Structures are given as structure tokens and as C-alpha cells.
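Undergrad: Coordinates for the following, if possible.
(one chain, ligands or ions: 1)
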Amino acid sequence: MEKAVVLYTQKGCFACHGSNYEGNQGPILAGLDAENIKQAVRAGSEDGVMPPFDEEAISDADLDLLATFLSSLTLEDTGVELSSAIVEHLEKVWDALQAGDKAGMETHLKKAQEAAAPPAPPWMNARHNEPF
Ligand code: HEC
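TA: Residues are numbered from 1 along each chain as shown. Modelled structure (predicted):
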């Protein structure tokens, strides 16, 4: 088994981020940047739910490995499926983003959230606002 997968289990990430990285108490882990992942793990979450992991909890080398692996994950790897309504609005969010249309982005992000609710899927809790 890949060492990163062992680390993901051993360090307890799976408990909050799901055994398929699909999210649970913590957000889905797919489509994230490796540097951001490392920062998030070292810092812990602002809401205090995720503890900070220092170098004793996970070494730099192991965190590198884990972050590289997690950053390679796609939505497909998580088994999370989005309804067509959500996908449609997220595509519009993406178009608005490309066009630099901030108001349009917010409108469609809100619609995507509404289409997803209830219940809001875990990936909507992500701190970053980047659509997939
Ligand atoms: C006790 C629960 C818990 C554990 C254990 C935990 N996390 Fe988290 N994690 C969270 C929560 C909750 C958030 C979201 C906080 C927020 O929205 O500000 C989060 C946020 C993150 C983020 C930022 C996600 C984003 O979209 O910005 C990353 C990356 C992350 N966790 C990775 C990990 C890794 C890797 C591990 C294991 C080393 C881990 N987490 C262990 C609960 C946990």
C-alpha cells in the first residue's frame, strides 16, 4: 500500500476527512494545492476542530509525501457525485471566474449551495472558495 495512504490512516486524518477523502466533519480533500495542505496541517483549523500537527506529530518528509498524494486526488477518487443542478451552477461559477465577474460568481455559488441543501455536502465547508 502506498505510504501516504498509511499516513492518512495512522495520523487520524480519515476520521474527519473520510476514508475516501470525501469529507465528514472536515471538508473533502480533492483539488487542493500541496503547499496549502501542508500549511493547513501544520496550523490546524481556525475553528479549532482540526488540531495543529507539529513536526513530532508528522515529520516534514512524511507531510511532504502525504500532501503530494492528497493534492493528486480528484473528485472521482472520493466517490462524491454532484447532482446535475450543482454541476450546472458550478460551471457558471467557473465561467464567471474566467470573465472576472465577481457578482456572477457569488450568485451561482449561492445557487449551487442551495441546490446542494439540505444537507450541505462536506465539500461546501471548505475554507477556500475555489470551485472544482
Ligand atoms: C478532528 C478532526 C480532524 C482531523 C483529525 C484532521 N482534520 Fe483536517 N480539517 C478538519 C476541519 C473541521 C477542517 C476545516 C476547518 C475550516 O473549515 O476552517 C479541516 C481542514 C483541513 C484542510 C484544509 C482544507 C481546505 O479546503 O482548505 C486540510 C488540507 C486538511 N484538513 C487535511 C488534514 C490532514 C492531512 C489530516 C491528517 C494529518 C487532517 N486534516 C486531520 C478536521 C480534521
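
Undergrad: Every contact and neighbour count from this point should use C-alpha atoms.
TA: Fine.

Undergrad: Tell me the residues of this structure that contact the ligand?
TA: Proximity of the chain to the ligand, by CA under 6 Å from any ligand atom, involves residues 8, 11-13, 15-16, 25-27, 37, 40-41, 45-47, 49-50, 125-128.

Undergrad: Which of those residues fall in strands?
TA: Assignment to strands by DSSP state E places none of the residues of the chain next to the ligand there.

Undergrad: Show me which of those residues are buried.
TA: Listed as buried from the residues of the chain next to the ligand are 8, 13, 16, 26-27, 37, 40-41, 50; burial here means 16 or more other CA atoms under 10 Å.

Undergrad: so who does the closest residue to Ile37 other than its chain neighbours touch?
TA: In this structure, Ile37 finds its nearest non-sequential neighbour in Ala67, 5.8 Å apart by CA to CA, 6 or more residues apart in numbering. Residues counted as contacts of Ala67 (CA atoms under 8 Å, 6 or more residues apart in numbering) are 34-35, 37-38.

Undergrad: what's the helix or strand hosting Glu76 packed up against?
TA: Per DSSP states H and E: Glu76 is located in helix 75-78. Here helix 75-78 touches no other helix or strand, going by 3 or more CA pairs under 8 Å, 6 or more residues apart in numbering; DSSP states H and E.

Undergrad: Please parse the protein into its domains.
TA: 3-78, 84-121 (automatic domain parsing).

Undergrad: Any chance of JSON lines for the ones you listed, columns mean pLDDT?
TA: Putting the domains of the chain into JSON lines (pLDDT from 0 to 100) gives the following:
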{"stretch": "domain 3-78", "mean pLDDT": "95"}
{"stretch": "domain 84-121", "mean pLDDT": "88"}
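
Undergrad: Could you report the neighbour count for the nearest residue in space to Met105 that is not next to it in sequence?
TA: Leaving aside its sequence neighbours, Met105 sits nearest to Val93 (CA to CA, 6+ apart; 4.7 Å). By the measure other CA atoms under 10 Å, the count of residues near Val93 is 27.
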